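Q: generate a structure from the sequence data that follows.
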Amino acid sequence: MKLRMSKRIFQVAMTGGLAILLWLGAIGIGGTGAGFRGMPAAIAFTNQQQMVMEVWRIVNRSYVDETFN
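A: Numbers count the residues shown, from 1 in each chain. Okay, the predicted model is just below:
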């Protein structure tokens, strides 16, 4: 029971952290400083975005229990 709860807390923390990182990138703190208005249309994901997505896939496969309700 405790292990399931700690996995759930970890999942929520990772989701929140990812949302914050994406938000910081969107307003320009982690990027060029241009924010949404000055950014050209995205054709492909940046290396940083690809790394975040790959880390999220690994965490999801390793720690998320699909049967947990």
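Q: relative to residue 59, how far out is residue 23?
A: 19 Å (CB to CB, to the nearest Å). Quick note: C-beta positions are derived from backbone N, CA and C, even for glycine.
Q: repeat for residue 45
A: 18 Å.
Q: ok, now residue 52?
A: In terms of CB to CB, residue 52 sits 11 Å off from residue 59.
Q: hmm, back to that, neighbour-wise, which of residue 45 and residue 59 wins?
A: Using other CB atoms under 10 Å as the criterion, residue 45 and residue 59 rank with residue 59 on top: 15 against 11.
Q: can you name the residues that contact the more buried one?
A: 11, 14 (CB atoms under 8 Å, 6 or more residues apart in numbering).
Q: which phi and psi does it have?
A: phi -60, psi -40 (degrees, to the nearest 10).
Q: and for the one 3 residues further on?
A: Dihedral angles phi and psi of residue 62 (degrees, to the nearest 10) take the values phi -80, psi -30.
Q: same check, this time on residue 66
A: Per degrees, to the nearest 10, the backbone of residue 66 is at phi -60, psi -20.
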